[in-house]
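Enquirer: Provided below are the primary sequence and the corresponding predicted coordinates.
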Amino acid sequence: MAKSPVEVKLIPIEATPENFAEYGQVIEASRDGAGFGPNDAQLDLSRGIPRFYIMRIRDTPFDFSVLTHHASVTQCLGSIGGHVWYLGVAKPTLIEDGDDGKMVDKLKSRSGHLYAPPAVEEIRIFRVSGPKFIKLNHGTWHVGPLFSDSYMDFYNLELSNTNAVDRTTYDFIKNKGVTIRVDPNDVDTSSS
């Protein structure tokens, strides 16, 4: 008989520029005409053709076991209309040239880069509300957008071939026997 996966429950925290910095950026409205600066999305779209599009996502559950990262591009996500949504993330675990001896569990992606598996205890769930968007750093593990509505529209900025050539996934059920559950009604406001 197959063993049931262990369920890990995570409490969302409101995404702020400070608490999201290890994963990327939270970009909020700035005054029209303001010059480029550190509060603007620090993008890297240099390895291909940028793709900016609207994606309609339907029926996202608040439990998951698979995280994804993109090693060659930063990615931006935001809800159209500023609706509340959630994003699961873990710190990048890319292994750079010369660092491969420091990590015991190194894996090679189908696109050729080396990485360490994300640790389940490193996963955080962020609540994103209002007129802002999220920029993910190179290699940030992520899952989502997650939301309660039957569908939502999001804008997405990545490369035209990101999901074909730069999409590395890690399955916690398959590799660790773990699934993650989020309760969107239970938000930790002390971290915001």
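Expert: Received it, and whenever you're ready, just let me know what you need.
Enquirer: Quick check: which element contains the residue nearest to the spatial centre of the chain?
Expert: In the chain, the residue lying closest to the centroid (CA atoms, centre = their mean) is H142, at 2.7 Å. Assigned by DSSP states H and E, H142 belongs to strand 141-146.
Enquirer: same thing with L157?
Expert: With secondary structure defined by DSSP H and E, L157 is part of strand 151-159.
Enquirer: tell me the angle that strand makes with strand 141-146.
Expert: What separates the directions of strand 151-159 and strand 141-146 is an angle of 150 degrees, with axes from the mean of the first three to the mean of the last three CA atoms, to 10 degrees.
Enquirer: partners of strand 151-159 in the sheet?
Expert: Looking at strand 151-159 with DSSP bridges, its paired strands and their directions are strand 50-58 (antiparallel), strand 75-79 (antiparallel).
Enquirer: residues of it that come out buried?
Expert: Judged by neighbour count (16 or more other CB atoms under 10 Å), strand 151-159 contains these buried residues: M152, F154, N156, L157, E158, L159. Backbone N, C-alpha and C define where each C-beta goes, glycine included.
Enquirer: Is the fourth one in contact with G78, as I believe?
Expert: In other words, L157. No: assessed by CB atoms under 8 Å, L157 is found out of contact with G78, at 9.1 Å.
Enquirer: Relative to I180, how far out is F62?
Expert: If you measure F62 against I180 using CB to CB, to the nearest Å, the figure is 9 Å.
Enquirer: If you could redo that for W141, that was the one I meant.
Expert: Noted for W141: a distance of 12 Å to I180, by CB to CB.
Enquirer: Show me which of the two is the more surrounded one.
Expert: The neighbour count for W141 versus I180, taken as other CB atoms under 10 Å, is higher for W141 (26 against 23).
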